[in-house]
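>>> Predicted model, plus sequence, below.
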Amino acid sequence: MILGMSISTFISLHVVLSVIGLASGCFVLSGMLASRKPAGLTTLFLLTTTATSVTGFLFPFTRLGLGQVAGVLSLAVLLPTLLALYGYRLAGPWRGFFAAGATAALCLNWVIAVAQAFAKIDALQTLAPTQSAPVFVGTQLVVLVIFTGLGILAVRWFHPCATALVRIRLPAAPV
C-alpha cells in the first residue's frame, strides 16, 4: 500500500500523471515557441510534472536509479520555473528561466518515458536489454539533443508580454 492505495492503483495514478504531464508539456512548449503562454495548460503541466516527480519517490526502491535521479533534477528545475512564473510573473530574466526550466522538466519527463518504453516494450527490450546498451544510450542522446535545441529556441522566442503589447497597440479598424 502507498498512500492508502494498492501498488497497482498507485502505479496507474503515477502513469496517468506522467502522460498528462507529457501531453500538456508538449502543448506548453509549442506555445512558448509561438510566444504564447496557454495559462491553463501551463498550470496543468507544472502540477502534473511536480506530482509525477514526487510520487516517483514513493515507490519502494533499493538503489538509486534513473527515475530517482530524473526526479531530483526535475524538482530542482521546477522550483525556479514555478518561481519565475508565479513569483516574478515572467518579468525580465525570469522569462528565460521559465522557458528553460519548463523545457528541461519536459525533457526529463521524456527521458523517463523512453526508459519505460525500453523496459516495457518487448521489441525495444530486445534491442537494448540494459540501460547501457548503445541503442538505449543513443536514443536518450537524441532526446537530449532535440530538447536542448527546443529549449534554446524557447528561451529566444518566448516573449508573451511583447506579443500582448503588439496586440494592444494595433489600431482599431475604421468604421
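Okay, I see it. Residues are numbered from 1 along each chain as shown.
>>> So the residue positioned nearest the centre of the chain versus Leu78, what's the distance?
For the chain, the residue nearest the mean C-alpha position is Leu106 (1.8 Å; Cα atoms, centre = their mean). Computed as Cβ to Cβ, to the nearest Å, the Leu106 to Leu78 distance reads 11 Å. All C-beta atoms are positioned from the backbone trio N, CA, C, and that covers glycine.
>>> Mutual contacts of these two, please.
Thr49 (Cβ atoms under 8 Å, 6 or more residues apart in numbering).
>>> Can you list the buried residues in the helix or strand Leu108 falls within?
Per DSSP states H and E, Leu108 falls inside helix 94-120. For helix 94-120, the neighbour count (16 or more other Cβ atoms under 10 Å) marks 94-95, 97-112, 114-115, 118 as buried.
>>> Retrieve the pLDDT associated with the residue nearest to the centre of the chain.
Leu106 carries a pLDDT value of 98.
>>> residue contacts, the residue nearest to it when sequence neighbours are not counted?
Setting aside the residues directly before and after it, Leu106 is nearest to Gly25 in space (Cβ to Cβ, 6 or more residues apart in numbering), at 3.9 Å. For Gly25, the contacting residues are Phe45, Thr49, Ala102, Ala105, Leu106, Asn109, by Cβ under 8 Å, 6+ apart.
>>> For the first one, grab the count of nearby residues.
Counted with other Cβ atoms under 10 Å, the burial measure for Phe45 works out to 25 neighbours.
>>> Sweet, I'm off.
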